[in-house]
Structures are given as structure tokens and as C-alpha cells.
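> sequence first, predicted model second:
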Amino acid sequence: GENVEQHPSTLSVQEGDSAVIKCTYSDSASNYFPWYKQELGKRPQLIIDIRSNVGEKKDQRIAVTLNKTAKHFSLHITETQPEDSAVYFCAARPGFQKLVFGTGTRLLVSP
Amino acid sequence: DAGVTQSPTHLIKTRGQQVTLRCSPKSGHDTVSWYQQALGQGPQFIFQYYEEEERQRGNFPDRFSGHQFPNYSSELNVNALLLGDSALYLCASSSRDSRSFTHNSPLHFGNGTRLTVT
């Protein structure tokens, strides 16, 4: 079955810096790759997603890139702010039914 | 527009007991998925319900069962609770594409039920 690996597990940056989180997946059938942000004690919230027919997608300070050949995708956050501090999860959908999540990256943005 | 709602928010049970968790999907959604999130881990897929039937199941034992009602709401039941069942149980809803008959819409999660088994 699908396996999603996520790195790094912890990422500390200064406010204003960029942050990059990387994920790899194993199942070439995966066709949808969302990213979720989860603040302490709260629900995972979708922040951006990309489908397999697209190589890059941007939404203000957030962008996601997908390399289908290498089976990896990345989240890029520019001009980080303290409120970006949270745990970020990548996920892959092998087919149309379920999401397989990575193990999460704890992002800490220091003022 | 109500999002995904789950109840209860917290629950404490003892080993061997049974528990029922409830979920109402986001308005307009007809598909409900359940995930288990252990502390410090990513959510793990338990199963998905559509048209009142279990459509796909993750790697969870038969102690985990579910149900979907005609109004699309859903229940997750866990029997013979183990200490390892302690986790945040998340419900997520989505909608089925009526043209492609696939579940391509993004998942929207509820706030979860924190289950503690002692």
C-alpha cells in the first residue's frame, strides 16, 4: 500500500524566513496531494492541495510543488509569521477513497 | 454553513468497554471517513461510508465498526477497548462527484473526539 514519508520532523525558522517541508510517496497511482495544518488541540485544516496533472500551485505565501517522476512533493511557506507555527501534514490519495498521511512536521516560527 | 461536527469532544472509558462516536458531515457532503490520530502521529484511515455502506477499510480490526444514516451522519463504534485505542478520532466529510462517480473533493475534518482508555 501507499507509504508517505515526511521531513523534517521539526523545523525552526525566524520570522520572515522561508520554510520548506518535503514528502515522498510510494504508490504511483496516487493522484491527489493535500497539505493540512493542525494547531494544538484543533482539527487538521486544508491549506493547499495539488492534483497529479499539475506541477506547481501557489496561494499567497504558500506553494506546493509536485515531481511525479521522483514521487515527491513539497510545501513552501514564504515570509513566515508566528501564526504559521503548527504541525503540518502532507498526504497522498492512492485512488479515490482514502488519504495516507505523513508523520507531520512541527514548524516553529520565532519572532 | 455548518462544518463537520463531532460528539462528544472528550470521553474516558475503561478497558473492555464499548464506545460510540458521532459525526455530522458538512452541509452538501454525502461521504464520511473516520481517522485515528495517536499522539504525535498523522491520522490513520479507519474506514469510509457512502450510501450507508462501508466502501473501504484501513488496517483496523473488526472491533472497529461503523454506520451511516440516511441523513449522511455517521457513527464509529469500538468494542472491547484497549489502552492502545486512546487517540483523537477524526471524522472527515467529502462529496462524491456525480459525473465521474469518484470522491475527488477535499476532505473537511471535524474537531475530533479525544478518547482516553484507562
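Alright, I've got the coordinates.
> where does chain A have low pLDDT?
A:96-97 (pLDDT under 70).
> what segments of chain A are strands?
Applying DSSP state E to chain A gives strands spanning A:4-7, A:10-14, A:19-25, A:32-38, A:45-51, A:56-59, A:62-67, A:72-77, A:86-92, A:100-101, A:105-110.
> closest one to chain B among those strands?
strand A:100-101 (3.3 Å; CB to the nearest CB). Where C-beta positions appear, they are placed from N, C-alpha and C, glycine not excepted.
> and chain A, which of its residues are near chain B?
A:4, A:6, A:32, A:34, A:36, A:42-46, A:49, A:89, A:91, A:96-104 (CB under 8 Å from any CB of the partner chain).
> can we see that at 6 Å?
With CB under 6 Å from any CB of the partner chain as the criterion, chain A comes near chain B at residues A:Arg43, A:Pro44, A:Leu46, A:Asp49, A:Phe89, A:Phe96, A:Gln97, A:Lys98, A:Phe101, A:Gly102, A:Thr103, A:Gly104.
> contact partners for the third one?
If you count contacts by CB atoms under 6 Å, 6 or more residues apart in numbering or on different chains, A:Leu46 has them with A:Pro34, A:Tyr36, B:Pro106.
> among the residues you listed, name the buried ones.
A:Pro34, A:Tyr36 (16 or more other CB atoms under 10 Å in any protein chain shown).
> kindly reformat the contacts of A:Leu46 as TSV containing distance to B:Val78.
Converted to TSV, the contacts of A:Leu46 look like this (distance: CB to CB, whole Å):
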residue	distance to B:Val78
A:Pro34	27
A:Tyr36	24
B:Pro106	27
